[in-house]
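Colleague: Here's my sequence, what's the structure:
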Amino acid sequence: MKKNAIKKAAAALCLAGLLVSCGGGSSAKTKQDKQIQKELEALLQESDSSSENRRYAIINKISSKWLADKKYNDLILYLTDHVERNPDDKYNAYWLLMTAYAYVQMRQDRVAEYYFERIIKNYPDLKVKDQSVHFLCLERLIQISTNHENRIQYFNTLINRFPSNVSITEMYVRLAREYEQIGEWTKALKTYTLFLEQPDASSIQITDMHDIYNYARNMIDFNNSPKNWTFKTLDGLANAVKEAIIRYQPRKLDEYRSKVNFFTVSWRQDDSIPTGSVDFSMTNYMHGNRITITDELIPGPSINEAYLKSKGWTLAVPTWYFYFRKVNYPANPEIHGTWEWAGIYIGEMM
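Modeller: Numbers count the residues shown, from 1 in each chain. Okay, here's the model as predicted:
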């Protein structure tokens, strides 16, 4: 009898949707919705504790209807009241997930965040339609949370509990970025190393992280280097390089250049691809040539960059621009903000 009643209520719900699509009046729709609601709630009252699946179906039907009609306040009141009155309902994690989702739809992310966290901390995981409720909560939390410590916890949980549901490569790099934000540089560098060890690290495309592979590689390479080529000021670096050129001291120039991802490229090439090697030496280019340099530096595209123009290096392409930049390495305050000679642009400036 109850099964027939449930089928009847479900059919009535489908019929209500059909009437709406056919242009039924709003008053008729409201009246019919209320009738359906009464039928479903009556069925819910008749259900006993041994019929969990039946109770789930009814509550889900009521909740889904409110959700579809965007009656978020009614939905929230109904579900939170149910959870409070029925603490042993094994589907409470799912009801609170719907509650949190309603708050997201109302653009109340902080309240939604509270409910997503509450589910993960206080309720065992539950699969609904083959989806883990905890996983769905974590997915939402990393979208709406702005707390770096919390985000670190979410990413670690996704990596440890749901490795097959996510891109581990992306999770590692996002986790490393969060460690950076709170100054946990040892953990950040360790996590960047894990990222670089992934087979797709060099090819992964992450929308909000341009060229993240080279960024991570530079961080790790720089961390593992002696870092003994930097200068405290731009003037100090420029003067040292100028003097070495004027005095024809290629070995000095080799000492001054960056030992991590130093590049020599034309203006059309990608400077993120390192072209310098351990065998690169200015000796090969200075011998027998009359090198000249400009007195003033040329400002770069930002205040953290500058160029020194020089001529006389080769017959084919005599003009070279020495590229100077500030070191971005917050892991070591003594090095961060110093200056390095990072590369050479060959040819006239584009």
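
Colleague: quick one, helices of the stretch 151-300 of the chain?
Modeller: Secondary structure of the stretch 151-300 of the chain (DSSP state H, counting those that start in this stretch): helices at 168-181, 185-196, 212-223, 234-246, 250-256, 283-286.

Colleague: would you list those helices in CSV and tack on distance to Gln205, mean pLDDT and mean neighbour count?
Modeller: Every C-beta, even on glycine, is put in place using the N, C-alpha and C of the backbone. CSV is the format used below for the helices of the stretch 151-300 of the chain (distance: least, Cβ to Cβ, whole Å; pLDDT from 0 to 100; neighbours: other Cβ atoms under 10 Å):
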stretch, distance to Gln205, mean pLDDT, mean neighbour count
helix 168-181, 10, 98, 21
helix 185-196, 14, 98, 19
helix 212-223, 9, 94, 19
helix 234-246, 34, 97, 16
helix 250-256, 36, 95, 16
helix 283-286, 37, 86, 14
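
Colleague: got those as JSON lines, with distance to Gly343 columns?
Modeller: Output for the helices of the stretch 151-300 of the chain, formatted as JSON lines (distance: least, Cβ to Cβ, whole Å):
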{"stretch": "helix 168-181", "distance to Gly343": "24"}
{"stretch": "helix 185-196", "distance to Gly343": "22"}
{"stretch": "helix 212-223", "distance to Gly343": "12"}
{"stretch": "helix 234-246", "distance to Gly343": "13"}
{"stretch": "helix 250-256", "distance to Gly343": "12"}
{"stretch": "helix 283-286", "distance to Gly343": "14"}
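
Colleague: which one of these lies closest to Gly347?
Modeller: helix 283-286 (14.3 Å; Cβ to Cβ).

Colleague: just the CA coordinates of the closest one, formatted as PDB?
Modeller: Output in PDB follows, covering the C-alpha atoms of helix 283-286 (Å, rounded to 0.1, in the frame of the first residue of the first chain):
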ATOM      1  CA  THR A 283      85.900  33.300 -23.200                       C
ATOM      2  CA  ASN A 284      84.600  31.800 -26.400                       C
ATOM      3  CA  TYR A 285      83.100  35.200 -27.400                       C
ATOM      4  CA  MET A 286      85.400  37.800 -26.000                       C
END
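
Colleague: what sits up against that helix?
Modeller: If you take Cβ atoms under 8 Å, 6 or more residues apart in numbering as the criterion, helix 283-286 is touched by 245, 248, 250-251, 253-254, 313-314.

Colleague: just those now: which is nearest Asp88?
Modeller: For the contacts of helix 283-286, the nearest to Asp88 is Asp254 (73.6 Å; Cβ to Cβ).

Colleague: circling back: of the helices of the stretch 151-300 of the chain, which approaches Asn73 most closely?
Modeller: helix 168-181 (34.1 Å).

Colleague: what does that closest one rub up against?
Modeller: With Cβ under 8 Å, 6+ apart, helix 168-181 has contacts from 142, 148, 151-152, 155-156, 158-159, 185, 187-189, 191-192, 194-195, 198, 200-201, 204, 206, 209, 212, 216, 330.

Colleague: how far is that helix from where the chain is centred?
Modeller: 7 Å (Cα atoms, centre = their mean, to the nearest Å).

Colleague: What segments of the stretch 1-150 of the chain are helices?
Modeller: Assigned helices in the stretch 1-150 of the chain, in chain order: 2-21, 26-46, 52-68, 72-85, 92-105, 109-122, 133-144, 148-161 (criterion: DSSP H, counting those that start in this stretch).

Colleague: Right, I'll leave it there.
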